[in-house]
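Colleague: mind looking at a prediction? Sequence and model below.
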Amino acid sequence: MALTFIFLFFIPHLLSSISAQSTSMESVPDLQSTMYTDVDGFPCVRLLSLSGTIGCSNPGRDKVVAPIVRFENVDDVTELSSILVSMDQFPTLFNRLSADPSFASKVGGVLVESVTDSQKKLNGFSPDQKFPLAEFAPYHNISYEWNPIGSGIMWKSYGFPVFLLTESGTKTLQEFVLKGEDKKKAYTSNVAEFDLVMQTMKSGTHDSESCLNEGTCLPLGGYSVWSALPPINNSSSKPSKPIILTVASMDSASFFRDRSLGADSPISGLIALLAAADALSHLDGIGDLSKQLVFVVFTGEAWGYLGSRRFLVELDEHSDAVQGLNHSLIEKVLEIGSVGKGLSQGAKNFFAHAERDSSATNQIMVALKHAQESLLSEDIRITSASASNPGIPPSSLMTFWNKNPGISGVVLEDFDSSFVNEFYHSYLDDLSNVNSSAVVAAASLVARTLYILASETNDVQNSTLAAINVNVSLVEQLVGCLLGCDPGLSCELVKKYISPASTCASNYVGVILDEPSSTPNPGYINDVPRFIWNFLADITSISKENSSSGCQQGCSGSDEVCIKAETDGKGVCVLSTTRYVPAYSTRLSFESGVWSVLPPNSSDKMGVVDPVWTESNWNTVGIRIYTVQIAAYDRVVLFGGMTLTLLAYLGIAVTRTFVAKATKRD
């Protein structure tokens, strides 16, 4: 009777369960989607240098599966766990990991919840050092704290995966964990499965030189862009003009590779450069100035000044990538750094940082002051940085001074003695961390300063400068395109020039995918540098008499380039001196499809300390969550099933004996 009752109790439930599932699951993928939930997130990945590794990876060759535990409850667990942590607790967690090895042994992976704008204003967060890239500084005081809030956690190595969840991923995971807590089933556990296996972990290549030899990594790098206004006529017999070089950076860094936004640092400076170039391009007679204006946007600066260092090497080698430029012609350098937070109590405040006094540096300062005076109605102020600073802040200008201590330059920043950006090299340095009016003010100041420096006379009238006006609408467009996802790179301005591969811009430098070239395949160049190249080529170009035909067959003149080719498959040939310049470590060479590390050159100070950063290859990256039964429950079910089977066998045997006896009596 007991067996009959069990049978009658379970069969209806089993049949209803099968019936319900059959209506919703028709294939193996349907079954998998029911069992597993994929969660969107941005990974911390494994990077390598000549001395070791930083970043994150699964500890071995297999996926990591560990139960999900909230950070505040982690002290109560004894097994390997996936730690779910809020962004405000993220620095606390990683500081504890560094200080407490026994605690770190409990961590199988980390899931970081995304935050809202209101939350992230509570505390600053910067995973970079207090003096970023201090080893490259041209002065001795490298203990100075330009970035006081910096924790340095992005430069350490972690033997477990770490993901920053998207907003949707955060919501999914929170609902999943909350549902599990509500059920309170002692025999189930909510787990996260991490798939972040780096090839360098598989092959045991734990530094850049060994992984490049084995082909399990690629060097960090990409393509910088430079453009001359007006275009340089290489066939002209006239002597070349001295060059006023205007510099900005397009790449940032972050603990999470694909969330390297860098809104204030450095993209606000990039936007100011593009807007200043645009403002100057509309002036008549720009070719009559006594100096040549050249705009350069470097990439790879966050990883050892890869772009600026390679640019100077290309100049020394007189390569095709810098044809028309000459190192000896560079007279002054004006770098636009972080300018997106230069708004204080209604005034736009900027600081000019210089390494040393010289007549050329003083000329830049005088030009900046003159430009400020012409903009008095807009309440823009320029101040020399404090003399107590050890020198210039982390910037590309360090590269130029290490190469040539006699060069004169100034870095324009929105801070004096320390960063005002509390989210330096953090994914929180996003659109909300930048004021577009401050960027417009910086662009206006730079555009007029450049005109003064490039003019034949030192006494440029304010009435002349008044004709140099920055397009406010353009700045707002660039802010929306480069610093957000709505519209992001799908904005009209970007789509006018290129067909972007993604909507949200990531300003991580990336890796060099093919042989470095002055005419690279556009498919190997990221969205942002492709847009910058097309934009600068367009605004600095000289119109041709016949520009209606496309450039499918190439452009006829050596001074011509093809722009907008991605948008319609045809493009337009224009007269412009705009070039790509490879950006990668000066300690690397590429021959016969293989990268190799060169020995240090004592004459290259920055090359001697160059870490030679590479990024590990991988097959897939992702996370998913699901519910599993704990092993103890599985054992109970196993032994229960065995007991039930034994009882059933005994019941059947007894029943058969009883039936046999009853049959004989009949």
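Modeller: Done, it's in. Numbers count the residues shown, from 1 in each chain.
Colleague: element containing residue 176, please.
Modeller: Assigned by DSSP states H and E, residue 176 belongs to helix 167-183.
Colleague: er, residue 441 actually
Modeller: helix 436-454.
Colleague: which residues of the protein score low on pLDDT?
Modeller: Scanning the chain for pLDDT under 70 picks out 1-34, 116-122, 180-187, 237, 345, 458, 544-549, 629-638, 664-666.
Colleague: any idea how it splits into domains?
Modeller: 30-206+620-630, 221-339+394-541+576-584, 542-575 (the TED database).
Colleague: dump those into JSON lines; add distance to residue 607 as well.
Modeller: The way it works is simple: take the backbone N, C-alpha and C, and place the C-beta from them, glycine included. Shown next, in JSON lines, are the domains of the chain (distance: least, Cβ to Cβ, whole Å):
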{"stretch": "domain 30-206+620-630", "distance to residue 607": "10"}
{"stretch": "domain 221-339+394-541+576-584", "distance to residue 607": "8"}
{"stretch": "domain 542-575", "distance to residue 607": "31"}
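Colleague: which of the ones you listed is buried the deepest?
Modeller: With neighbours defined as mean count of other Cβ atoms under 10 Å, the domains of the chain peak in mean count at domain 221-339+394-541+576-584, which reaches a mean of 22.
Colleague: hang on, the earlier thing: distance from the helix holding residue 441 to the middle of the chain?
Modeller: Relative to its chain's centre, helix 436-454 lies at 27 Å (Cα atoms, centre = their mean, to the nearest Å).
Colleague: what's next to the very next helix or strand once past that helix, contact-wise?
Modeller: Sequence order places helix 462-465 as the next helix or strand after helix 436-454, per DSSP H and E. Under the criterion Cβ atoms under 8 Å, 6 or more residues apart in numbering, residues 370-371, 373-374, 448, 451-452 lie in contact with helix 462-465.
Colleague: same deal with stretch 150-157?
Modeller: So stretch 150-157 is in contact with 52-55, 91, 94-95, 98, 125-130, 132, 253-255, 424-425, going by Cβ under 8 Å, 6+ apart.
Colleague: end to end on that stretch, go ahead and measure it.
Modeller: In terms of Cα to Cα, to the nearest Å, the two terminal residues of stretch 150-157 are separated by 17 Å.
Colleague: residue boundaries of the strands in the stretch 501-650 of the chain?
Modeller: Under the criterion DSSP state E, counting those that start in this stretch, the stretch 501-650 of the chain carries strands at the ranges 560-563, 572-575, 578-583, 588-591, 594-597, 614-616, 618-629.
Colleague: which residues in the stretch 401-550 of the chain form helices?
Modeller: With DSSP state H, counting those that start in this stretch as the criterion, the stretch 401-550 of the chain has helices at 436-454, 462-465, 472-483, 492-495, 527-539.
Colleague: CA atoms of the second one as CSV?
Modeller: Once side chains and other backbone atoms are set aside, the C-alpha atoms of helix 462-465 remain, and they are given as CSV (Å, rounded to 0.1, in the frame of the first residue of the first chain):
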residue,chain,number,x,y,z
ASN,A,462,41.5,91.5,-30.6
SER,A,463,39.3,92.4,-33.5
THR,A,464,41.1,89.7,-35.6
LEU,A,465,40.8,87.2,-32.8
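Colleague: related to what we said a few turns ago, of all the strands of the stretch 501-650 of the chain, which one is nearest residue 505?
Modeller: strand 578-583 (17.4 Å; Cβ to Cβ).
Colleague: tell me the spacing between residue 171 and residue 311.
Modeller: With distances taken as Cβ to Cβ, to the nearest Å, residue 171 is found 44 Å from residue 311.
Colleague: got it, and residue 538?
Modeller: For residue 538 relative to residue 311 (Cβ to Cβ), the value is 22 Å.
Colleague: what helix or strand is residue 244 located in?
Modeller: Under the assignment here (DSSP H and E), residue 244 is part of strand 243-249.
Colleague: taking helix 436-454 as reference, get the angle to that strand.
Modeller: 160 degrees (axes from the mean of the first three to the mean of the last three Cα atoms, to 10 degrees).
Colleague: could you check the angle strand 243-249 makes with helix 527-539?
Modeller: 150 degrees.
Colleague: list the pairing partners of strand 243-249 within its sheet, with orientation.
Modeller: Strand 243-249 sits in its sheet next to strand 292-298 (parallel), strand 330-336 (parallel), going by DSSP bridges.
Colleague: contacts for that strand?
Modeller: 266, 269-270, 272-273, 276-277, 291-299, 301-302, 307-308, 325-326, 329-337, 396-397, 446, 450, 453-454.
Colleague: following it in sequence, what is the next regular element?
Modeller: Immediately after strand 243-249, counting by DSSP H and E, sits helix 268-281.
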